[in-house]
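Enquirer: sequence and predicted structure are below.
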Amino acid sequence: MSKTIKILFYFKESFWRYDTEKLIELVKINHNVIVAYNEKEIINNLPNIDILICSSESCNIIDLLFNNDPNFFKEKKIIFIRTNTSWDILHVNNKYIKENINLKNIYLLLNNLQFDKSGKNIDLCKKRPYVDVLHSYGNIERMPVYKCSTKPKLEKTEFYKKYNLDINKKIFTIYLSFPKNYDYTQNQLYTQNESINNHIETYICNNYTIIENIIKHLQTNYNVVFKPHPLHGMKFKPFKPGDYWERISRKRTAISLASMKFYIDKYPFIEMGDGHDLNIYTKLGMIFSRSTFCFSNYLFNIPLLYISNKQNELQNQLTNELKDKYDLNKICYGEFTTIEKLEENTSEILNNFIDNFKDTPKFEFVNGNVLYGDTYNHDVKIWVDYINRIIEKPIK
C-alpha cells in the first residue's frame with residue numbers, strides 16, 4: 001500500500017456487543033487507527049481521517065455526517081461492517097437522497113439474507129432504492145456477519161442474582177415479539193397485512209393457562225424467563241412502558257398491555273440491556289412468532305422449540321419472508337410443533353424437545369450457513385482483507 005491511511009472505528013454500543021480488539025490490532029499494523037465511543041468523538045475526528053468504519057447499529061450515522069458536513073461524502077469513504085443478523089440494513093433519510101448525497105463512497109456489507117438465491121440480486125422485504133444504487137456501483141459485497149461477542153457483561157452469578165434465578169438450574173427462555181407484537185391488518189405499509197400477524201403468540205399470551213402449564217412443567221429443572229423484543233424506553237422491574245410504547249406501540253399492539261402485565265408482574269422479564277447476556281446463558285428456548293432469531297439462534301447455540309399450528313402458520317410466514325429461497329430444515333436449529341399438540345400434551349412435547357436438545361447437539365448447518373455463511377466461525381482476517389480492498393479504491 002502506497003500510504004498510511006487514517007481510519008476511525010465506531011462500533012456503536014447497543015443491546016449487542018462486539019469484540020473488535022483483534023480487528024483493530026490487525027488494521028493498526030499498516031494504518032493509523034482512532035476508536036470513537038460516541039457521536040461527539042466522531043465529529044471531533046472527522047477532519048483528520050480518510051475512512052470511517054462503522055457497525056450496522058451505527059446506521060443512523062448518515063444523518064449526523066450530513067448535518068455536520070455534506071461534503072464528507074464527496075471526500076472520504078465510509079464502510080459499514082455487517083453486524084446485524086436481522087433484515088435491518090442501512091437507514092438513509094429520503095431527504096438526503098433528494099439532495100443528491102454522494103453514495104459512491106459508501107461501502108456496505110450484507111449477508112445472504114438480503115440476496116436472492118443466485119446471490120447476485122438484492123432481495124429485501126421493504127424496498128430501499130439507495131441500496132439498489134449502492135449495488136449498481138459495486139459497493140455492496142456478500143460476507144458473513146461480524147459475530148456478537150461471547151463474553152458476558154454480567155458474570156453468571158451477577159446475572160442470576162439480578163433476576164432472582166436459581167444458580168443450580170439452567171435457563172429456558174421464552175422469546176416474544178411483544179412489545180412489538182403488532183396488528184398489521186390496518187397497516188398499509190405491508191401488503192400481506194393479516195398474513196404476517198403473530199396469531200400464535202397473541203393466542204398463547206391471551207390464554208394464561210397455556211403459559212402457566214409450560215412454566216409449571218419446565219421450572220422443575222430450569223429457570224424460565226421471558227425475553228421481550230427490544231423497545232427503547234420500556235423497563236420491567238419496576239415496569240415502565242416508556243415513551244415509544246405510549247406514542248406508537250400502544251396503538252398498534254395485537255395484545256393489550258393489561259394482558260401482558262399478568263406475566264410481567266409474575267415472571268422474570270429480561271431488560272433490553274441484558275438481552276445479549278441472556279443469549280449467552282440460555283440453554284434452550286421457545287418461540288411463537290416470525291423473527292430472524294428463528295434463523296440466527298444457532299449462533300448462540302440455542303435450540304428452539306418453534307410453536308406453529310396445524311396450518312403451519314409459522315413455517316409459512318418464515319418461508320414467505322425468505323421468498324421460498326431456502327429449506328427451513330437447513331436454517332432452523334431446533335424443532336417445530338403445533339399449539340394444538342402443545343395444549344393437548346404439554347409434558348410430552350416439552351420432554352421430547354428437552355431430550356432431543358438438552359445436550360446442545362451441534363447444528364448441522366453451522367459451516368457455510370445459507371443465510372449467514374461462516375459467521376459462526378468468525379475469522380476476523382476476512383474483514384481486515386475487505387478493509388484493505390476498500391482502502392485501495394479511489395474516491396469517486
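Expert: Cool, the structure landed.

Enquirer: can you pull the contacts of N345?
Expert: If you count contacts by CB atoms under 8 Å, 6 or more residues apart in numbering, N345 has none. (C-beta placed from N, C-alpha, C; glycine too.)

Enquirer: on the three-state scheme, M260 is what?
Expert: Secondary structure, DSSP: H, G, I helix; E, B strand; the rest coil: M260 is helix.

Enquirer: with the one 3 residues further on instead?
Expert: The assignment at Y263 comes out as helix when based on three-state DSSP.

Enquirer: around it, how many other residues sit close by?
Expert: 20 (other CB atoms under 10 Å).

Enquirer: if I pick it, what's in contact with it?
Expert: C205, I211, F226, F269.

Enquirer: what do you get for I264?
Expert: Contacts of I264 by CB under 8 Å, 6+ apart are F236, F239.

Enquirer: related to what we said a few turns ago, what's the closest of the contacts of Y263 to L350?
Expert: Using CB to CB, I211 comes nearest to L350 of the contacts of Y263, at 12.6 Å.

Enquirer: name the next helix or strand following the helix or strand harbouring that closest one along the chain.
Expert: Assessed by DSSP states H and E, I211 sits inside helix 208-218. With elements assigned by DSSP H and E, the helix or strand that comes after helix 208-218 is strand 222-227.

Enquirer: distance from the chain centre to that following strand, please.
Expert: 20 Å (CA atoms, centre = their mean, to the nearest Å).

Enquirer: kindly report the same for stretch 255-269.
Expert: Distance, stretch centre to chain centre, for stretch 255-269: 23 Å (CA atoms, centre = their mean).

Enquirer: repeat that for stretch 269-279.
Expert: Here stretch 269-279 shows a centroid-to-chain-centroid distance of 13 Å under the convention CA atoms, centre = their mean.

Enquirer: buried residues in it?
Expert: Of the residues in stretch 269-279, F269, I270, E271, M272, D274, G275, H276, D277, L278, N279 count as buried by neighbour count, 16 or more other CB atoms under 10 Å.

Enquirer: residues in contact with the closest residue to the fourth one other than its chain neighbours?
Expert: This points to M272. When the adjacent residues along the chain are set aside, M272 lies closest to P230, with 4.6 Å between them (CB to CB, 6 or more residues apart in numbering). By CB under 8 Å, 6+ apart, P230 lies in contact with F15, M272, G275.

Enquirer: need these in JSON lines with distance to D50 and pLDDT, can you?
Expert: Shown next, in JSON lines, are the contacts of P230 (distance: CB to CB, whole Å; pLDDT from 0 to 100):
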{"residue": "F15", "distance to D50": "31", "pLDDT": "83"}
{"residue": "M272", "distance to D50": "35", "pLDDT": "94"}
{"residue": "G275", "distance to D50": "35", "pLDDT": "96"}
